[in-house]
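Asks: Okay, predicted coordinates and the sequence, questions at the end:
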Amino acid sequence: MTLIREIRRTRWSLNGYRAVHDRGYPIVRAADLSVRYESGFALERVSFEVIKGERLAVVGPNGAGKSTLFKVIAGILPPTSGRVEIYGGAPGEHICVAYLPQRSMVDWRFPVTVYDVVMMGRVGRIGLLRRPRREDHQKVRQALERVGLSDLATRQIAQLSGGQQQRMFLAQALAQEAELMLLDEPFTGLDLPSQNELLDLLVRLQREEITLMVSLHDLNLAAQHFPRILLLNRSLIALGSPQEVLNTRTLLAAYGGYLHVLNEPTGNLVLGDTCCEGRGFDA
Amino acid sequence: MLEVFLQPFQYAFMMRGMLAAILVGVVCAVVGTFVVLRGMAFFGDALAHTILPGLAVGYLIGGGSREALFWWALGTAVLSAVSIGTLSRKLHLKEDTAIGIIFAGMFALGVALISSVRSYSVDLAHFLFGDILAVRTSDLVRSAIFGGLVLILIYAFYKEFTLLSFDPVLAATLRLPASLLDLLLVILIAVTIVVSLQTVGVALMVAMLITPAATASLLTRRLPLIMLWAAVIAAFSGVIGLYLSYYFNVASGAAIVLTCTLIFILVSVMRAVRERFMRVSAT
């Protein structure tokens, strides 16, 4: 069955995807979205809209459904009920959505260079049975330059640092000409300088009208560097500016017993997202 | 000295055997590179074994016709490959469990069928361990055609196969027809195995698929170079194996596989020594 469906769709990919981008629609709209695994709901009746060109942090404890949400938006996991629209259409019609994997999910010993990996982002546009053209090589070189990896293009991917690995996948998404980039826990395991470097890069990409959805579990990072935050714990708990989203009520709803909220005269002090990396932060 | 190398070639069957060994080596090595990268060694081994009942039926029906053997083997290989995939998907079995069930069941069926005819042990040995010195010109031509076809298809879908092996999620977001390409790869593995049957037989087939590719991946980290080195190693092993078989009267399939294995051991020892040396010189 899947095969027949794929054969029907393959005709499309030969010309590259040409799904219409109707600017009248939001870049992402989730309506009553639910995903149910055998173990229960991963997402339950989630509805929201993403504004084109925004930088949105998706925050929640482990198992809150952040990765699941990204996979549905990327069109690689069908929702159990409800729907996600990209510019008003089904995600599967678009190749303008990039999903950047968690670094721990990648086989870093795979025999490819940085350049090869970035070129993979163009495979959908090159089309079946074709070789990369001059235009494709040009896009790859530009993408590498924009993330500052031009000098490392011929390195095997295991020879990159964590921050460089993350930037390589951003270059791949740029080569893909993605308008929406979904970054799954990009800051996890990065040292502070690499984190800042990545943040700077994300701000620069946003200026170029690229919409970014970034999942993270460091509330401090989200509050300081992201204009809007989506707080998720299976269902949507809050969406808005850090001031609107991060308060005692919402955080308890999202993190429950994992969080300790102290009432201090200066305001509430929230201690420890103990399920994750255990850094103290205040809100 | 030259005499030692030239003497076997006075026999036409040695000449044909050499050509077959080189041809099979190259095709197996190139396809085998993807088998290694995707961790499909057990699948390859099992698929080779599942061919046995096809060979038995082809042998009983075709009355010794090589053509009949070839097509029955090919049909069985493709059927097994598809049923392994279906079984694991439909019944939610782990893939290696599905492989184990089909592999053992089909192999038992093959042994049962062959044991029902008189000259059981001799024929079974030929199927299990190959008989490269019995290769005829027509076999050689058929192998060349189908082996060539496999190489052309690998070349044509090289960037898709590489992408699917490295990052199936990216392949999905780029809307590649993943199941279709997976099926194609499995069929290519099946054809490769059938083409190579006469060289090493079903029992040692997995060595031709994975040992040269694994050895090559110790030598270089560039995928095209891995394929090239694997092909060179496999072809070289084929030739050396045949010489060993000629002069020491060893079974040809075993001699070829042993040569391959020896090269693997040499390369891994060299690598270990070099790494040790580099660590010492670095400190």
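Replies: Noted; the coordinates are in hand.
Asks: For A:Leu174, the count of nearby residues, please.
Replies: 24 (other Cβ atoms under 10 Å in any protein chain shown). Quick note: C-beta positions are derived from backbone N, CA and C, even for glycine.
Asks: give the contact list for it.
Replies: A:Gly121, A:Lys139, A:Gln142, A:Ala143, A:Arg146, A:Val147, A:Leu205 (Cβ atoms under 8 Å, 6 or more residues apart in numbering or on different chains).
Asks: Please repeat the previous calculation with a cut-off of 7 Å.
Replies: Counting by Cβ atoms under 7 Å, 6 or more residues apart in numbering or on different chains, A:Leu174 touches A:Ala143, A:Arg146.
Asks: I'd like to know how far it sits from chain B.
Replies: Between A:Leu174 and chain B the computed distance is 14 Å (Cβ to the nearest Cβ, to the nearest Å).
Asks: Let's verify that residue: helix, strand, or coil?
Replies: At A:Leu174, secondary structure determined by DSSP: H, G, I helix; E, B strand; the rest coil is helix.
Asks: any idea how far A:Leu201 is from it?
Replies: Separation of A:Leu174 from A:Leu201 (Cβ to Cβ, to the nearest Å): 10 Å.
Asks: Name the nearest residue to the residue of the stretch 151-283 of chain B found nearest chain A, sequence neighbours excluded.
Replies: Closest to chain A within the stretch 151-283 of chain B is B:Leu174: 3.3 Å, counting by Cβ to the nearest Cβ. Nearest residue to B:Leu174, sequence neighbours excluded (Cβ to Cβ, 6 or more residues apart in numbering or on different chains): A:Gly124, at 3.3 Å.
Asks: any idea which residue sits dead centre in the chain?
Replies: Just so you know, I chose chain A. A:Leu182 (1.7 Å; Cα atoms, centre = their mean).
Asks: wrong chain, I was asking about chain B
Replies: Closest-to-mean residue, chain B, Cα atoms, centre = their mean: B:Leu209 / 4.0 Å.
Asks: do the helix or strand harbouring that one and chain A meet?
Replies: Secondary structure assignment for B:Leu209, by DSSP states H and E: helix B:178-219. Yes - using Cβ under 7 Å from any Cβ of the partner chain, helix B:178-219 reaches chain A at B:Ser179, B:Leu180, B:Leu183, B:Ser217.
Asks: so who does the last one touch?
Replies: Residues touching B:Ser217, when contacts are defined by Cβ under 7 Å, 6+ apart, comprise A:Pro111, B:Val36, B:Ile226.
Asks: can you do 8 Å?
Replies: A:Pro111, B:Thr33, B:Val36, B:Ile226.
Asks: Once you drop chain neighbours, what's closest to B:Val26?
Replies: B:Ala231 (4.4 Å).
Asks: Could you report the neighbour count for that neighbour?
Replies: B:Ala231 has 23 neighbours, counted by other Cβ under 10 Å.
Asks: Shouldn't it be within a helix?
Replies: Yes - B:Ala231: assigned to a helix according to three-state DSSP.
Asks: my read: it touches B:Val24, true?
Replies: No - in this structure B:Ala231 lies outside contact range of B:Val24 using Cβ atoms under 8 Å: 10.8 Å.
Asks: Looking at chain A, which helix is longest?
Replies: helix A:192-207 (DSSP state H).
Asks: who's in contact with that one?
Replies: Residues outside helix A:192-207 that contact it (Cβ under 8 Å, 6+ apart): A:53-55, A:146-148, A:161-163, A:166-167, A:170, A:174, A:181, A:183, A:186-187, A:190, A:212, A:214, A:221, A:225.
Asks: switch to 6 Å and redo it
Replies: With contacts defined as Cβ atoms under 6 Å, 6 or more residues apart in numbering or on different chains, helix A:192-207 is touched by A:Arg55, A:Gly163, A:Gln166, A:Phe187, A:Leu212, A:His225.
Asks: Return the set of buried residues in that helix.
Replies: Neighbour counts using 16 or more other Cβ atoms under 10 Å in any protein chain shown place A:Ser194, A:Gln195, A:Glu197, A:Leu198, A:Leu199, A:Leu201, A:Leu202, A:Leu205, A:Gln206 of helix A:192-207 among the buried residues.
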